[in-house]
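[1] Turn this into a structure:
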Amino acid sequence: MKRRLFFLIVVFISSMPKVIMAQQAQRPGPQPSVENAEKFKLGIAGYTFLKIDIDRTLETFQKMDLHYFTIKDFHLPLNSTVEQITAFNEKLKAKAVTGYAVGPIYMKSEADVDRAFEYAKKVGVKLIIGVPNYELLPYVNNKVKVYDIKLAIHLHGPDIAIYPDAEDVWNHVKDLDPRMGMCLDIGHDTRAGKDAVADLKLYKSRVFDIHLKDVTGATKLGYSLEVGRGIIDFPAFVKMLRKVGYTGVVGLEHEKDMDNPFMGIAEDIGYFRGVIRATK
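    Predicted structure coming up:
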């Protein structure tokens, strides 16, 4: 039986190059990314490239065939001039990358809030990923009305005292302007002991952005690792994205091996695209 199974595997493997060549012959040229048929978009959060310069960052986007980017201030400082912002945006445009949001930006004072909204306006985005202190929420709520810029509060699991999970963010924004919502970090939500798939369903009306990652456990001791290696149910997550009709960006936030994240990014994106295809 074992010899027969081994023989079948060898036959299957040996036939694969011919199958692949035949498929490529039928579909010449670059193939569209699997997520193109979905309502949601796949991108990468800027924090992934904490130790990587913008040129290598954009090169990674091209190699991964990704086009949506959350801009972090280590690539484009908050005090950038109009000329610097224009040059930065032109660099993204030349690589077919859209900087659709800025952040996360921490806000511990009204001056921080003012600076964040002015920065977003100058950059030309309509979404801030932010972490305002609780007492600043009324002030932030007024700013989203004045600027017509959404704020997505980034939840942080059990690591900091504020916004540990999606429920906490929801409770703080549900009675505020509808442009006040959340960045659902599914890894941190899971580390806070929550079910990120269920939370996406519950709080869909205020989920403006999603950070994609996997974790080893549903406690503070859980740590980030390559997508598909941890405990998050990604087939269920993708199905829920479709069920709730999510139209925003699912931005990979790879937090492992940040000096050299490229292999991890490739594994993350490849796995997630495989899940998208397999759950059709």
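
[2] I'd guess Asp175 is in a helix, am I close?
    No - the assignment for Asp175, made by DSSP: H, G, I helix; E, B strand; the rest coil, is coil rather than a helix.

[3] count of residues packed around it?
    Asp175: 8 surrounding residues under other C-beta atoms under 10 Å. From N, CA and C alone the C-beta is placed, and that goes for glycine too.

[4] for stretch 257-270, which positions count as buried?
    For stretch 257-270, burial by neighbour count (16 or more other C-beta atoms under 10 Å) applies to 261, 264-265, 267-269.

[5] Count residues in the vicinity of Tyr147, would you?
    Count around Tyr147 with other C-beta under 10 Å applied: 17.

[6] ok so, going back, can you tell me which of the buried residues of stretch 257-270 lies nearest to Val169?
    Asp268 (24.2 Å; C-beta to C-beta).

[7] contacting residues around the nearest residue to that closest one once chain neighbours are set aside?
    Distances taken as C-beta to C-beta, 6 or more residues apart in numbering place Val227 nearest to Asp268, at 4.1 Å, with adjacent residues excluded. Val227 makes contacts with 212-214, 234, 252, 267-268, 271-272, as judged by C-beta atoms under 8 Å, 6 or more residues apart in numbering.

[8] Repeat that for Ile265.
    Residues in contact with Ile265 (C-beta under 8 Å, 6+ apart) are 44, 48, 60, 64, 252, 254.

[9] could I get the residues you listed as a markdown table with secondary structure?
    Converted to a markdown table, these look like this (three-state DSSP):
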| residue | secondary structure |
| --- | --- |
| Ile44 | strand |
| Thr48 | helix |
| Thr60 | helix |
| Met64 | helix |
| Leu252 | strand |
| His254 | coil |
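
[10] Need the phi and psi values for the residue nearest to the spatial centre of the chain.
    Nearest residue to the geometric centre of the chain (C-alpha atoms, centre = their mean): Gly251, 1.5 Å. When read as degrees, to the nearest 10, the backbone of Gly251 gives phi -100, psi 120.

[11] What about the closest residue in space to it that isn't next to it in sequence, how many residues nearby?
    Leaving out its chain neighbours, the residue that sits closest to Gly251 by C-beta to C-beta, 6+ apart is Ala45, at 4.1 Å. For Ala45, the number of neighbouring residues by other C-beta under 10 Å comes to 30.
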